[in-house]
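Visitor: What follows is a predicted structure for the sequence shown.
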Amino acid sequence: MREKDIKHENGNYWVLDTGKSYAVMKIAGTHSVSDSEYKRDSDGLSIAIYRCNYLAKKELGGAA
């Protein structure tokens, strides 16, 4: 993985381009875990970014 594979970040969540899909990841201490994956196209990236932002806002106690 390289820095260019990170497509979006928000709080403890980020979007990873795996080369086959876009994965929404959550920071978990010394590593990250996958929350969900989406098709590797423009729609999939948009959905992954939306999900990332939704989870970050929800974690902070904001209205989702």
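Guide: Sure thing, it's come through. Residues are numbered from 1 along each chain as shown.
Visitor: State the helix or strand in which residue 46 lies.
Guide: In this structure, residue 46 is located in helix 42-59 according to DSSP states H and E.
Visitor: who touches that helix?
Guide: Applying CB atoms under 8 Å, 6 or more residues apart in numbering, the external contacts of helix 42-59 come out as 7-15, 21-24, 26, 35-36, 38, 63-64. (Glycine included, C-beta is placed from N, CA and C.)
Visitor: how does it look with 6 Å?
Guide: Helix 42-59 is contacted from outside by 8, 10-11, 13, 15, 22, 24, 38, 64, using CB atoms under 6 Å, 6 or more residues apart in numbering.
Visitor: For the residues you listed, work out which two are farthest apart.
Guide: By the measure CB to CB, 22 and 64 form the most distant pair in the contacts of helix 42-59, at 20.2 Å.
Visitor: More neighbours: the two, which one.
Guide: A count of neighbours by other CB atoms under 10 Å puts residue 22 above the other of residue 22 and residue 64, at 25 against 9.
Visitor: Look at residue 42 and say how many residues are nearby.
Guide: Residues contacting residue 42 under the criterion other CB under 10 Å number 8.
Visitor: Below-threshold pLDDT in this protein: ranges please.
Guide: The model of the chain has pLDDT under 70 over residues 62-64.
Visitor: Which strand or helix spans the nearest residue to residue 48 once chain neighbours are set aside?
Guide: Closest residue to residue 48 apart from its sequence neighbours, by CB to CB, 6 or more residues apart in numbering: residue 22 at 4.0 Å. According to DSSP H and E, residue 22 maps onto strand 21-28.
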